[in-house]
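Trainee: Provide a 3D model corresponding to the input given below.
(one chain, ligands or ions: 2)
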Amino acid sequence: MGGGGSKEESVINPPWRTVHWGKKKDELDWLKSFCPQKDNPKRLRVLLCGPAGSGKSSFINSVDSICQKRITSPADANNAQGADPELAKIAGQSYTLNYKTHQIQKDTPGQYYPFVFNDVRGLESTNGILLEDIKLAIKGHVMENYTFNPETPLDVSNDFYNNNPTSNDKAHILVFVIAVDINHVADPNMFKKMTEIRLAARDLGIPQIAILTKIDEKSCALVKKDLKNVYSSTYIKNAMEKLSNTVGFPVNCIFPLKNYHEEIELKEDVDVLILTALRKILAFANDRVNANFVAAANQSANNVNRT
Ligand SMILES: Nc1nc2c(ncn2[C@@H]2O[C@H](COP(=O)(O)OP(=O)(O)OP(=O)(O)O)[C@@H](O)[C@H]2O)c(=O)[nH]1
Ligand SMILES: [Mg+2]
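Mentor: Ligands and ions are numbered 1, 2, ... in the order given. Below you'll find the model as predicted:
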């Protein structure tokens, strides 16, 4: 997405954003002690969206891997560049087709962290998830295992339409998952679609964050060499600024990271970037829930005073 990632990439020194490399334990301790301040909702729902193949399912797998302290794969990720002709046929189209909630196990089986991820179909311009369906998912109307139809949105008469969503069914934050090189592969409709979703999420009152995946790919030679170079890379910085200028995310709401996709063991630097992004995601969601709670309490106090 940035300036091409040439080998002569200029290096930003010192790095323009601070990362506490080596503080994985602190981040994990924070995560373990995290719970939404208000008991309503009981758990925060993180809705992921983004172009097909951007790494949405891999992000869920990566967070789960870190929490289980081993590489796991609860969400089906897919390499659509594979040699299999059947897979090649669907290259550029989403592998994940259903609405699926992923809980993350904490300590022992049956115990879970107080947040869940929702994986959805990708945003490709043909056959992608519809804006209307994303709005319905934010509002909690989409039931588990619904297969998104790229032709028509979920209808109120459908068995998978939840007529009475509770605060637990609603999404509390929308996370855009975008591969760092999107500018080279996406058509302008993709940016338009992302902007429309962003505006819809604003109108529905939920915060948004973007994560930029695949920073380890060959276009970012500096970062491929060492993940710690992430904030020294002009390629990554340009990509973040471009995403900010095209879709509108403030740069401080964009988090570059690398998902687990080929490793069989965890790596501390990979974990730190993912945990840093996750902490922001949960903190932003929690802040908004609290702000809404206070606003609702003030509103009902005003109503009482008026009567
Ligand atoms: N190098 C690299 N590859 C990644 C990264 N994240 C995901 N991948 C790979 O990208 C491909 C697509 O990843 P998925 O997680 O299936 O992407 P998705 O957004 O869920 O895709 P759909 O379900 O098709 O919309 C897989 O081959 C992953 O292994 C990353 O950070 N770096
Ligand atoms: Mg997927």
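
Trainee: now for the helix or strand hosting residue 239, which elements pack on it?
Mentor: Under the criterion of DSSP states H and E, residue 239 resides in helix 234-247. Applying 3 or more Cβ pairs under 8 Å, 6 or more residues apart in numbering; DSSP states H and E, we find helix 234-247 packed against helix 182-185, helix 188-203, strand 208-213, helix 221-225, strand 254-256. For glycine as for every other residue, the C-beta is placed from the backbone atoms N, C-alpha and C.

Trainee: any idea of the angle the third one forms with helix 188-203?
Mentor: Meaning strand 208-213. Between strand 208-213 and helix 188-203, the angle comes out at 140 degrees (axes from the mean of the first three to the mean of the last three Cα atoms, to 10 degrees).

Trainee: check contacts around residue 150.
Mentor: 121, 126-130 (Cβ atoms under 8 Å, 6 or more residues apart in numbering).

Trainee: buried ones in the helix holding residue 239?
Mentor: Counting neighbours by 16 or more other Cβ atoms under 10 Å, one finds that the buried residues in helix 234-247 are 234-240, 242-244, 246-247.

Trainee: One more: stretch 9-29?
Mentor: Buried residues in stretch 9-29 (16+ other Cβ under 10 Å): 9, 12, 17, 24, 27-28.

Trainee: among those, which one has the lowest pLDDT?
Mentor: Lowest model confidence among the buried residues of stretch 9-29 falls on residue 9, which carries 75.

Trainee: what about that one, which helix or strand?
Mentor: Using DSSP H and E, residue 9 falls within no helix or strand.

Trainee: Next: residue 116.
Mentor: Under the criterion of DSSP H and E, residue 116 resides in strand 112-119.

Trainee: Just after that strand, pick out the following helix or strand.
Mentor: Sequence order places helix 131-139 as the next helix or strand after strand 112-119, per DSSP H and E.

Trainee: ok, and what's touching that following helix?
Mentor: Identification of contacts with helix 131-139 by Cβ under 8 Å, 6+ apart yields 47, 49, 99, 118, 120, 142, 148, 153-154, 161, 165, 170-171, 174, 193, 196-197, 200-201, 204, 206.
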